[in-house]
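Novice: please find the sequence and the predicted model below.
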Amino acid sequence: MKPGIGLMWLVARGAALLLGSAIPAHVSIMGSTSVLPYLRAASAAFTEAHFPYRLTLGGGGSIAGLVEVSRGRVDMAVSDIPPTADWTHGVPLCHQPLGRQPILFIAHPGLVTDLSRGQLKNLLRGRIDNWSAVGGPKMPVTVVSRPLASGSLRVVETQVLDGHRVTPKAIVMLSNGAVMAAVRESPGGLGFVESGRAPTGVTVLGIDHRRFDVSRPEGWPYYAVPTLYWRCPGNDSIRTVAHYLASQPFRREFGLY
Amino acid sequence: MRERWREMMMTRLTWALSGAFVIMGLGLMASVLVGSWPILMAPHSLGRLLSPLWDPLQGQWGILPFIVGSSVVTLLALCLAVPFALASAISVSRMLPPVVRPHATRVLAALTAIPSVVFGWWGLQMVVPVVRNLGGGSGFSLLAAAIVLAVMLWPTLSFLFAEALQSVSPSYVDASLALGATPDQTLVRILIPCAMPQLINAFLVAVARGLGETMAVQMVIGGQVAMPQGLLSPGATLTTQLLTDAALYPPGTRGHAALDVMALALVAAMAILVRISARWRVGT
């Protein structure tokens, strides 16, 4: 190859790389942070098995993912909540559920171990502000919540709070892990996380005498359904990735049932 | 001929790049202003904006808690940082042996380059637990944010204060000492008054940095959208709330307009600071 042609090829390849169009095997995914650990593991396995496919992952929350995928800024979104026209501007999205992910209610150790749904609702809404009102020690309640863009917050507001809002006095943490850490370290802490395993250092609360059990996850009533979304109809790469991510048996290890 | 042509090209290039900078700045301000227009022009907009209720999904756009959060955190951080920074600057510029001074200045300059997320991480590990143990509650609070911000501002302020003190002509200091003034008297009556305009400029730079800081503050302030009840209460600032809710609203929605109003408030605050700073610069 002449040096001139070689140089032109390099320049064209560089430009194509910058534009991203020359790599149909590159798929970007953004959205819910709760399934990121699973997606990281699955994308590594996928990349190894399907060279030269390349997956890039980002958080930002369910709604951010839906907004970005409908605007064409990422290839796929992962969201705990279904899209609305507000976020997608009517762009039709195809979807593929990844599984069901339990939403666990967690408290700082030594407070209570069980609550009724009504008590939980009143605690999260800020109507009960001391643990002594629900059989715990005399200690103010510190609700730890997620930002408005969080899908798990929407699920909690729909399934537990009957459409009401979490108290505006709640501390807002930007990720699932940050909620867990804040509840673990704050005396009086109460929060919710999407997790298929019992988190350590906190009390996982039973609700209405039901406890989450890894061996019998179907007995637990509160679930989010993280789902992959992409602009319809999507290309082969996107469909291949979606099918792969939604069918891996090791999803259970990451709390996706 | 060729030299002249090159000079002309350089001048035009400089003008073009400066023009691009101005256009970019004006474009940014225009986009924020246009974005916030639907809320600013709505009936009773000022009253609604200055209400203490922020619940954009219910049509409540009150940004007062965030204005209070930004003001309290920045002011408290400056109150904590300024005495330490001034002491460090005096040490670096006047008290340390001359051989050590350049090295100390370099250390200060290096400290100003630490990314803010590192301060936030440190605050999460060290400051939040201390505030929790001292004041109860979760520890995520305005006080924790102010302490982290103060530690973050300290090197910047020290560096700028030191530069200001070093800019005073040595002949003033020598004359003061020759007339029998003690080093302390020279510092208080000559050095600081002479450097005052630059010291105030440095202070204003710190105010701007404090108001604009996002990540470090977000990590320790708690993100509570209700009006803070005290220094030990969690809260949010204009920048942290922008970060928290930025992902939620696509452009063109009401929520996005509310976030644009917050951005506009920050731009306005910065413009006021620049104006005040320019006045002091005129005085130098």
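Specialist: It's in.

Novice: tell me the SS of the residue of the stretch 1-150 of chain B at minimum distance from chain A?
Specialist: Here the residue of the stretch 1-150 of chain B nearest chain A is residue B:138; by CB to the nearest CB that distance is 3.8 Å. The C-beta positions use only the backbone N, C-alpha and C, and glycine is treated the same way. Classification of residue B:138 by DSSP: H, G, I helix; E, B strand; the rest coil places it in coil.

Novice: ok, how many other residues are close to the closest residue to it other than its chain neighbours?
Specialist: Once flanking residues are discounted, residue B:138 sits nearest to residue A:186: 3.8 Å by CB to CB, 6 or more residues apart in numbering or on different chains. Using other CB atoms under 10 Å in any protein chain shown, residue A:186 has 22 neighbouring residues.

Novice: surely residue A:186 touches residue A:107?
Specialist: No: using CB atoms under 8 Å, residue A:186 makes no contact with residue A:107, being 10.1 Å away.

Novice: coming back round to it: and the pLDDT at the residue of the stretch 1-150 of chain B closest to chain A?
Specialist: According to the prediction, residue B:138 has pLDDT 86.

Novice: by contact count, what packs against the lengthiest helix in chain B?
Specialist: Among the segments of chain B that qualify as a helix by DSSP state H, the longest is helix B:2-40. The helices and strands touching helix B:2-40, judged by 3 or more CB pairs under 8 Å, 6 or more residues apart in numbering or on different chains; DSSP states H and E, are helix B:45-49, helix B:254-282.

Novice: at 7 Å what do you get?
Specialist: Helix B:2-40 sits against helix B:254-282, with contacts defined as 3 or more CB pairs under 7 Å, 6 or more residues apart in numbering or on different chains; DSSP states H and E.

Novice: how about residue B:194, secondary structure?
Specialist: helix.

Novice: for stretch B:195-213, buried residues please.
Specialist: Within stretch B:195-213, the residues that count as buried by 16 or more other CB atoms under 10 Å in any protein chain shown are B:195, B:197-213.

Novice: output the below-cut-off pLDDT ranges for the stretch 1-150 of chain A.
Specialist: Filtered on pLDDT under 70, the stretch 1-150 of chain A yields the residue ranges A:1-24.

Novice: taking it, what residue is nearest to chain B?
Specialist: The stretch 1-150 of chain A approaches chain B most closely through residue A:64 (3.2 Å), counting by CB to the nearest CB.

Novice: and the spatially closest residue to that residue that is not a sequence neighbour, how many neighbours?
Specialist: Once flanking residues are discounted, residue A:64 sits nearest to residue B:247: 3.2 Å by CB to CB, 6+ apart. By other CB under 10 Å, the residues close to residue B:247 number 24.

Novice: picking that back up, quick one: contacts for the residue nearest to residue B:138?
Specialist: The contact partners of residue A:186, by CB atoms under 7 Å, 6 or more residues apart in numbering or on different chains, come to A:108, A:142, A:144, B:138, B:139.

Novice: likewise residue A:180?
Specialist: Each residue near residue A:180 by CB under 7 Å, 6+ apart is listed here: A:106, A:193, A:199, A:202.

Novice: same list, those residues, but as CSV with neighbour count, secondary structure and distance to chain B please.
Specialist: Listed next are the contacts of residue A:180 as CSV, based on neighbours: other CB atoms under 10 Å in any protein chain shown; DSSP: H, G, I helix; E, B strand; the rest coil; distance: CB to the nearest CB, whole Å:
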residue, neighbour count, secondary structure, distance to chain B
A:106, 23, strand, 14
A:193, 26, strand, 16
A:199, 18, coil, 18
A:202, 24, coil, 14
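
Novice: spell out which parts of the stretch 101-250 of chain A neighbour chain B.
Specialist: A:142, A:147-149, A:165, A:168-172, A:182, A:186, A:189 (CB under 7 Å from any CB of the partner chain).

Novice: hang on, the earlier thing: for the residue of the stretch 1-150 of chain A closest to chain B, helix, strand, or coil?
Specialist: On the basis of three-state DSSP, residue A:64 is classed as helix.

Novice: wait, residue A:197 sits on residue A:214?
Specialist: Yes: with contact defined as CB atoms under 7 Å, residue A:197 counts as touching residue A:214 (6.5 Å).

Novice: which residues of the stretch 51-200 of chain B fall in strands?
Specialist: Secondary structure of the stretch 51-200 of chain B by DSSP state E, counting those that start in this stretch: the strands cover B:54-55, B:60-61.

Novice: one more: chain A?
Specialist: Ranges of strands in chain A, per DSSP state E, are A:26-31, A:54-60, A:76-79, A:93-97, A:101-107, A:114-115, A:142-145, A:171-172, A:189-194, A:203-204, A:206-207, A:223-224, A:227-231.

Novice: chain A contacts on chain B?
Specialist: Within chain B, the positions near chain A by CB under 7 Å from any CB are B:55, B:57, B:137-140, B:222-226, B:234, B:244-245, B:247-248, B:250, B:253.

Novice: repeat the analysis, applying 6 Å as the threshold.
Specialist: For chain B, the contact set with chain A under CB under 6 Å from any CB of the partner chain comprises B:138, B:140, B:222-226, B:234, B:244-245, B:247-248, B:250.

Novice: residues in a beta bridge with the closest residue to residue A:209 other than its chain neighbours, which ones?
Specialist: Take residue A:209 and drop its neighbours on the chain: the residue closest to it by CB to CB, 6+ apart is residue A:114, 6.7 Å away. Note on residue A:114: beta-bridge partners residue A:206, judged by DSSP bridges.

Novice: so residue A:114 touches residue A:204, yeah?
Specialist: No: assessed by CB atoms under 6 Å, residue A:114 is found out of contact with residue A:204, at 10.6 Å.

Novice: would you mind measuring from the residue positioned nearest the centre of chain B to chain A?
Specialist: Geometric centre of chain B, nearest residue: residue B:209, 1.8 Å, by CA atoms, centre = their mean. Distance from residue B:209 to chain A, counting by CB to the nearest CB, to the nearest Å: 22 Å.

Novice: so among the contacts of residue A:180, where is pLDDT lowest?
Specialist: Sorting those by pLDDT puts residue A:199 at the bottom of the list (83).

Novice: measure the closest residue to residue B:146 other than its chain neighbours to residue B:143 for me?
Specialist: Leaving out its chain neighbours, the residue that sits closest to residue B:146 by CB to CB, 6+ apart is residue B:76, at 3.7 Å. The spacing between residue B:76 and residue B:143, counted by CB to CB, to the nearest Å, is 7 Å.
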